[in-house]
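> Sequence and predicted model, in that order:
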Amino acid sequence: MNDAEDSRLFDLADLVLAVGRQIRASQDRAIDMCTPVESAVIRFIQRNPGTSARAASEATLLPSSNFSRVLRTLEEKGLVRRDVAPHDARSVHLYPTARAHEDLRHLRASWSRTLAGIVDDPETLDLVNATLRRIEDELVARRGRPIA
């Protein structure tokens, strides 16, 4: 990798973090604020309803003790429920609650208002979204194998 590529990749990561901070700062206060770690956990559970605690812990890069604490907090906030597996009482499945879905609906509206008018071209938005999704997927996949 050369210096120009290093610089472009650094700028990408730096801008992703900066945009994330700006979006988070603009978040509608009517929505129960979650920490960034809680947000990562609820995001995974919403995208993977019925997931196991172990899978969610691994996907969010949290040690089991930290994950358990975050999960308890999300349950206390009424955002996640645990269902015991019917054939194995040691296994639980995690689901977002109706309140989590409602908060997501409010968050979608809030973030849409925040970003409205910045990039109006649907093709550009689709390209940026697809690129960021690919980056996320690849980063997750790389955790399972050494980086060349």
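Thanks, I have it.

> what's the longest helix in this protein?
Ordering each helix of the chain by length in residues (DSSP state H) puts helix 3-25 first.

> Now it: buried residues?
Judged by neighbour count (16 or more other C-beta atoms under 10 Å), helix 3-25 contains no buried residues. The C-beta positions use only the backbone N, C-alpha and C, and glycine is treated the same way.

> What mean pLDDT does that helix get?
The predicted model assigns helix 3-25 a mean pLDDT of 90.

> Phi first, then psi, for residue 60.
Torsion angles at residue 60 (phi, psi; degrees, to the nearest 10) stand at phi -100, psi 10.

> and residue 79, how many neighbours?
By other C-beta atoms under 10 Å, 25 other residues sit near residue 79.

> mind starting the numbering at 57 from now?
Understood, numbering begins at 57; the last thing we discussed is residue 135.

> Correct me if wrong: it contacts residue 156.
Yes: contact criterion C-beta atoms under 8 Å: residue 135 and residue 156 qualify, at 4.3 Å.

> Kindly calculate the angle that the helix or strand just after the longest helix of the chain makes with helix 59-81.
With elements assigned by DSSP states H and E, the helix or strand that comes after helix 59-81 is helix 92-103. Comparing the axes of helix 92-103 and helix 59-81 via axes from the mean of the first three to the mean of the last three C-alpha atoms, to 10 degrees yields an angle of 90 degrees.

> Report the angle between the longest strand belonging to the chain and helix 92-103.
In the chain, with assignment by DSSP state E, the single longest strand is strand 144-152. Here the directions of strand 144-152 and helix 92-103 differ by 100 degrees (the same axes, to 10 degrees).

> Only C-alpha atoms, please: export the helix or strand following strand 144-152 in CSV.
Next along the chain after strand 144-152, taking DSSP H and E as the criterion, comes helix 154-171. Output of helix 154-171 as CSV, limited to C-alpha atoms (Å, rounded to 0.1, in the frame of the first residue of the first chain):
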residue,chain,number,x,y,z
ALA,A,154,-42.4,-3.2,20.2
ARG,A,155,-40.8,-0.2,21.9
ALA,A,156,-37.5,-0.9,20.1
HIS,A,157,-39.4,-0.9,16.8
GLU,A,158,-41.2,2.3,17.7
ASP,A,159,-37.9,4.0,18.8
LEU,A,160,-36.3,2.9,15.4
ARG,A,161,-39.3,4.5,13.6
HIS,A,162,-38.7,7.7,15.4
LEU,A,163,-34.9,7.5,14.9
ARG,A,164,-35.5,6.9,11.2
ALA,A,165,-37.6,10.1,10.9
SER,A,166,-35.1,12.1,13.0
TRP,A,167,-32.1,11.0,11.0
SER,A,168,-33.9,11.5,7.7
ARG,A,169,-34.7,15.1,8.8
THR,A,170,-31.1,15.6,9.8
LEU,A,171,-29.7,14.4,6.5
